[in-house]
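A.B. asks: based on what follows, work out the 3D shape:
(one chain, ligands or ions: 2)
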Amino acid sequence: MTHKIAILGASGYTGAELVRLIATHPNMDIVALSADRKAGMEMAAVFPHLRHLSLPTLCKIDEIDFADVDLCFCALPHATSQKVIRNLPKSLKVVDLSADFRLRDPEEYAKWYGGAHDALECQAEAVYGLTEFYRDEIKGARLVAGTGCNAATGQYVLSPLIKAGVVDLDHIILDLKCAVSGAGRSLKENLLHAELSEGYHAYAVGGTHRHLGEFDQEFSRLAGRDVKIQFTPHLVPANRGILATAYVHGSAQEVYDTLVKTYDGEPFIKVLPFGEAPSTKHVRASNFCHIGVVADRIDGRVIVVAALDNLTKGSSGQALQNANLMLGEAETAGLMLAPVFP
Ligand SMILES: NC(=O)C1=CN([C@@H]2O[C@H](COP(=O)(O)OP(=O)(O)OC[C@H]3O[C@@H](n4cnc5c(N)ncnc54)[C@H](OP(=O)(O)O)[C@@H]3O)[C@@H](O)[C@H]2O)C=CC1
Ligand SMILES: CC(=O)N[C@@H](CCC(=O)OP(=O)(O)O)C(=O)O
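C.D. replies: Ligands and ions are numbered 1, 2, ... in the order given. A predicted model of the protein is given here:
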């Protein structure tokens, strides 16, 4: 059976990545693509790398007939997404890529996003989209909230360790590097080549990044008590990729065994041989996440590193993986593309 797919925000980075992936999906047909400023344009004009595909013209959201759609990906900015999703037919399956439905507690949402939520009834029904940890709930969900890309990378490293109780919950540091496409395609001054290239900087320093809301929610749930980690992201002059380095207190062998056991059989999460560290180069443009465990020279300290591509496993690939589950498709359909190397 072929599923009819709409992508809202198709003129952005994650929207284009969804189109790239779905183009190889055996049972999905793209019937509508939306844009805002670029409405009326052909995808080939906005994204020449997709020129080989036959695609609908970009249109405004209100021009789409959702009665003719089985599943809608929503790749719109935060806050816009909730205003759009609350007006979609309640029978329509939706995978949202924004931050709007990730936090279950409306007070936490208001704290991290600076205001009240506009679609609380949708927020209440949304399932958190970290596939490997919410697989059964996602299969039965109508609305799935894609995770933050930094948040996904950090959770792939830390969630199994926190759940198994093999690390000191009060001494966890997560140091993360994110490529520029993580900030989206709209023009921002600090993302101009002259201001970004040949330099790196930390941002949201001091525990102010909004993905801490996701970490607090998920890590505290797994531990059964409040867990607060130290987290600093850095912007690096690369196009794609996230590398997260966690510093934890525990036994390196226990940490390694826990990760190997947790991800045994997972199609996309690969734990490297003990002592090896991953690179964004080895997961680029793929849905894979590589995790490496290294013992520190200080006894009882462990370094765990994860690499994934923010536009695939960190957003659009994850979204497609979840959509496959919601539609009863093979979870890996359209997603087994090998990483692009070098
Ligand atoms: N980039 C990443 O690595 C990740 C992104 N996300 C999230 O996914 C979502 C999309 O991100 P990304 O693709 O990077 O963003 P982009 O800025 O690249 O794209 C945004 C898209 O939304 C459209 N849009 C903007 N404002 C409106 C509006 N008011 N009404 C309708 N459409 C609008 C834009 O249309 P137009 O260009 O035509 O104006 C464009 O298609 C965001 O919520 C982001 O936080 C999540 C994880 C990772
Ligand atoms: C470089 C950069 O700006 N990265 C983004 C990551 C965005 C992301 O994961 O997604 P959401 O915006 O959907 O939360 C950031 O740290 O905010």
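A.B. asks: tell me how many other residues crowd the residue in the stretch 151-300 of the chain positioned nearest to ligand 2.
C.D. replies: Closest contact between the stretch 151-300 of the chain and ligand 2, by C-beta to the nearest ligand atom, is at residue 182 (3.0 Å). Backbone N, C-alpha and C define where each C-beta goes, glycine included. As a burial measure, residue 182 scores 22 neighbours (other C-beta atoms under 10 Å).
A.B. asks: Three-state assignment for it, please.
C.D. replies: helix (DSSP: H, G, I helix; E, B strand; the rest coil).
A.B. asks: ok, now residue 6?
C.D. replies: Three-state call for residue 6 (three-state DSSP): strand.
A.B. asks: ok, back up a step: per-residue confidence at the residue of the stretch 151-300 of the chain closest to ligand 2?
C.D. replies: Note for residue 182: predicted pLDDT of 96.
A.B. asks: and the closest residue to it other than its chain neighbours, how many neighbours does it have?
C.D. replies: Of all residues not flanking residue 182 in the chain, residue 310 sits nearest, at 4.7 Å (C-beta to C-beta, 6 or more residues apart in numbering). Residue 310 has 28 neighbours, counted by other C-beta under 10 Å.
A.B. asks: can you tell me how far residue 310 is from ligand 1?
C.D. replies: Using C-beta to the nearest ligand atom, to the nearest Å, residue 310 is found at 4 Å from ligand 1.
A.B. asks: contacting residues around that residue?
C.D. replies: Contacts for residue 310 were tallied using C-beta atoms under 8 Å, 6 or more residues apart in numbering; they are 149, 178-179, 181-182, 240-242.
A.B. asks: with distance to residue 5 added, can I get the residues you listed in TSV?
C.D. replies: TSV is the format used below for the contacts of residue 310 (distance: C-beta to C-beta, whole Å):
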residue	distance to residue 5
149	22
178	28
179	27
181	22
182	24
240	23
241	26
242	26
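A.B. asks: in helices, which of those residues fall?
C.D. replies: Among the contacts of residue 310, DSSP state H puts residue 149 in helices.
A.B. asks: next, the residue nearest to residue 182: phi, psi?
C.D. replies: phi -60, psi -30 (degrees, to the nearest 10).
A.B. asks: pLDDT at it, what is it?
C.D. replies: At residue 310, pLDDT is 98.
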